[in-house]
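A.B. asks: The sequence and its predicted three-dimensional model are supplied below.
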Amino acid sequence: MDPLPKYIGIQWFSFAEQKYYQRLIALPEDIADKMAKQAEYTTSKGTFKGPRDRLVIGLAPRGTIVLWIQNQIGNQIEVARMRANEIDGDPSDYRAATKRYLEENADYLKQHGVPTTGW
């Protein structure tokens, strides 16, 4: 995107926690410069250089948001980390999707709980 937006609005429902979150993300002022810098990456066809032209938004438990820039998986750099605000919402809006999520993940969650570190 040229120019990059100054803000990104995001809202989501955490299936693991059964909570809603939202945040207006102010992108770092220097993010366009960081994204334009050449970064090395390797594919099956060789090693190349190019800008980190992908902005990745990670959403984690407890409303954690992490922003990375990358041009290839494995050469990402973290550019921001923040917390979203928990907001009101009715978890039953996602009843069918939550059921599928729990069918696939309930055993793990019972054994380990909701992972809250490593993000």
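C.D. replies: Received, thanks.
A.B. asks: So which residues of the protein form strands?
C.D. replies: Along the chain, counting by DSSP state E, strands occupy 7-14, 19-26, 38-43, 46-51, 54-60, 64-70, 77-83, 85-87.
A.B. asks: So what sits opposite residue 24 in the bridge?
C.D. replies: Taking DSSP bridges, one obtains residue 9 as the residues bridged to residue 24.
A.B. asks: Please report the distance of it from residue 62.
C.D. replies: Distance of residue 24 to residue 62, given as Cβ to Cβ, to the nearest Å: 18 Å. The way it works is simple: take the backbone N, C-alpha and C, and place the C-beta from them, glycine included.
A.B. asks: Quick one: residues contacting the residue lying closest to residue 89 once chain neighbours are set aside.
C.D. replies: By the measure of Cβ to Cβ, 6 or more residues apart in numbering, the closest residue to residue 89 outside its immediate chain neighbours is residue 20, 3.5 Å from it. The contact partners of residue 20, by Cβ atoms under 8 Å, 6 or more residues apart in numbering, come to 11-14, 86-89.
A.B. asks: in the sheet, who's paired with residue 20?
C.D. replies: Taking DSSP bridges, one finds residue 13, residue 87 as the beta-bridge partners of residue 20.
A.B. asks: Give me the pLDDT value at it.
C.D. replies: You'll see residue 20 listed with a pLDDT of 97.
A.B. asks: And for residue 102?
C.D. replies: As summarised for this prediction, residue 102 has a pLDDT of 86.
A.B. asks: so how far is the first residue of stretch 85-97 from its last?
C.D. replies: Chord length of stretch 85-97, first to last residue, is 22 Å (Cα to Cα, to the nearest Å).
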